[in-house]
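> Sequence first, predicted coordinates after that:
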Amino acid sequence: MKTKNNIVIGIDTSCYTTSIAAISFDRDIILNEKIMLKVKKDSKGLRQSEAVFQHVNNLGYISDQLNKILEECNVVAICASSRPRPIENSYMPVFTVGHNFAKLYSTISGSKFYETTHQENHIESVILNSRIKNTKRFLSVHISGGTTEILLSEKLSENSVNGDYNIEIVGGTRDVSFGQLIDRLGVEFGYEFPCGKYIDENSLNCHLNIDKGLKTSVKDGYMNLSGIENQINKFIKEKYKDIESADKNYVSKLLMDTLSRSLSKSLIYICEKYEVYEVLFAGGVSASKYLSKSITEKLSENGIKAYFSEPKYSTDNAVGCAIIGLNKFLGE
């Protein structure tokens, strides 16, 4: 088969982003288009029904962009995220939009149709540009607006029915996620949702040392984070009286320092328990420059290698879907 101009398309419709990507047989990313879903000011998220409606509209717009590529390329396969995780009963309405769009397109175009999961999509997109040595067994950390999970990830055979990876949750948070804490603080500061980039910038702009870090609650690789929000609010009240008077840079750094220490403690424990010393980071929160630098340094001190990706691959995208689709197509 001639491989020139043959491409595989990936689609991912997550809670906050409509994503489409395309990859050539030479594994060049020729498209990585993303549209953030719109969240009303002062809101802390979207209902699934609202997200589904926006995905439908966004895919219409993205289809117009895709036409330019289709004039020069031949789509041989399309792969979409159909659910959050590769386990039974994993379901979320937003993923049905991309899944059904991909099925319809494959039928009309005569191309192959494959499906994967949002979590596997994230893993593959980060692996793409990492230098991880063992791609068969490693730890992956998914930190986003709604998820903070530490995953033992093992590559399955090409003929696996359930997915491309066996993914076992071995650590993470037992209550709120990193993204939720960051967004809650950002909304209090008056920032636009999602607030991660603003809190991250504040933390990097703070050149003061953390006098006394907040208490962390970590046991056997799992973190309890709800108490951190209470500690932050108490700190602001005692030191600044109110949120309007608070030093936003210092308070942001105080939160990020606490999250970094909590996650590092969890990972050091889990790496030793499972004898795995390579960790991939995915999800929107992993795009934080403060967290990536701080966590990388802490893990390195314990002989653990951390792999953070460029934001365009660590935040929600469909590159991983395209890669998985290409692998499945070439494996047939």
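Received the coordinates, thanks.
> For the nearest residue to Val279 once chain neighbours are set aside, give the beta-bridge partners.
Spatially, and ignoring its direct neighbours in sequence, Val279 is nearest to Leu139 (4.5 Å; Cβ to Cβ, 6 or more residues apart in numbering). Where C-beta positions appear, they are placed from N, C-alpha and C, glycine not excepted. When assigned by DSSP bridges, Leu139 has beta-bridge partners Leu152, Val279.
> Next one: Leu139 from Ala282, what distance?
11 Å (Cβ to Cβ, to the nearest Å).
> out of these two, which sits in the more crowded spot?
Ala282 (31 against 22; other Cβ atoms under 10 Å).
> Just give the nearest non-adjacent residue to the more buried one, would you?
Nearest-residue entry for Ala282: His122, 3.8 Å, with adjacent residues in sequence omitted and distances by Cβ to Cβ, 6+ apart.
> give me every residue that touches the one you found.
Taking Cβ atoms under 8 Å, 6 or more residues apart in numbering, we find His122 in contact with 140, 142, 282-283, 314, 320.
> would you list the residues you listed in JSON lines and tack on pLDDT, distance to Cys15 and secondary structure?
Formatted as JSON lines, the contacts of His122 follow (pLDDT from 0 to 100; distance: Cβ to Cβ, whole Å; DSSP: H, G, I helix; E, B strand; the rest coil):
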{"residue": "Ser140", "pLDDT": "96", "distance to Cys15": "19", "secondary structure": "strand"}
{"residue": "His142", "pLDDT": "94", "distance to Cys15": "13", "secondary structure": "strand"}
{"residue": "Ala282", "pLDDT": "93", "distance to Cys15": "15", "secondary structure": "strand"}
{"residue": "Gly283", "pLDDT": "90", "distance to Cys15": "11", "secondary structure": "coil"}
{"residue": "Ser314", "pLDDT": "91", "distance to Cys15": "16", "secondary structure": "helix"}
{"residue": "Gly320", "pLDDT": "96", "distance to Cys15": "16", "secondary structure": "helix"}
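> on that earlier part again, tell me the predicted confidence for the residue nearest to Val279.
Note for Leu139: predicted pLDDT of 97.
> Same check on Ser160?
Reading off the model, Ser160 has pLDDT 49.
> State the next helix or strand along the chain beyond the helix or strand of the chain with the lowest mean pLDDT.
Lowest mean confidence among the helices and strands of the chain (mean pLDDT, DSSP states H and E): helix 48-70, at a mean of 88. Sequence order places strand 74-83 as the next helix or strand after helix 48-70, per DSSP states H and E.
> other SSEs contacting the helix or strand following that following strand?
Once strand 74-83 ends, the next helix or strand along the chain (criterion: DSSP H and E) is helix 94-109. On a contact count with 3 or more Cβ pairs under 8 Å, 6 or more residues apart in numbering; DSSP states H and E, helix 94-109 meets strand 6-13, helix 48-70, strand 74-83, strand 112-117.
> what's next to the shortest one, contact-wise?
The set of residues that contact strand 112-117 without belonging to it, under Cβ under 8 Å, 6+ apart, is 76-86, 90, 99, 102-103, 106-107, 163-164, 320-321, 324-325, 328-329, 332.
> Equivalent analysis for the longest one, please.
For helix 48-70, the surrounding residues in contact (Cβ under 8 Å, 6+ apart) are 7, 9, 11, 13, 15-16, 18, 20, 22, 30-31, 33, 35, 37-38, 46, 92-94, 96-98, 101.
> How about stretch 251-258?
181-182, 185, 198-200, 202-203, 206, 208, 210, 213-214, 216, 228, 231-232, 235-236, 288, 290-291, 294.
> Tell me the buried residues within these.
Taking 16 or more other Cβ atoms under 10 Å as the criterion, what is buried in the contacts of stretch 251-258 is 181-182, 185, 198-200, 202-203, 206, 214, 216, 228, 231-232, 235-236, 288, 290-291, 294.
> how about stretch 176-190: buried residues?
Applying a neighbour-count criterion of 16+ other Cβ under 10 Å, one finds 176-189 buried in stretch 176-190.
> Now render the residues you listed as TSV, adding secondary structure, distance to Thr148 and pLDDT.
Conversion of the buried residues of stretch 176-190 to TSV gives the following (DSSP: H, G, I helix; E, B strand; the rest coil; distance: Cβ to Cβ, whole Å; pLDDT from 0 to 100):
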residue	secondary structure	distance to Thr148	pLDDT
Val176	coil	8	93
Ser177	coil	4	94
Phe178	helix	5	96
Gly179	helix	8	94
Gln180	helix	9	94
Leu181	helix	9	95
Ile182	helix	11	97
Asp183	helix	13	94
Arg184	helix	14	93
Leu185	helix	15	96
Gly186	helix	17	95
Val187	helix	18	92
Glu188	helix	20	94
Phe189	helix	21	96
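> among those residues, which two are most distant?
Using Cβ to Cβ, the buried residues of stretch 176-190 span at most 18.7 Å, a distance reached by Ser177 and Phe189.
> For the residue nearest to Val279, list the residues it contacts.
150-153, 170, 267, 270-271, 274, 276, 278-280.
> Next up, identify which helix or strand the residue nearest to Ala282 is on.
Assigned by DSSP H and E, His122 falls in helix 118-127.
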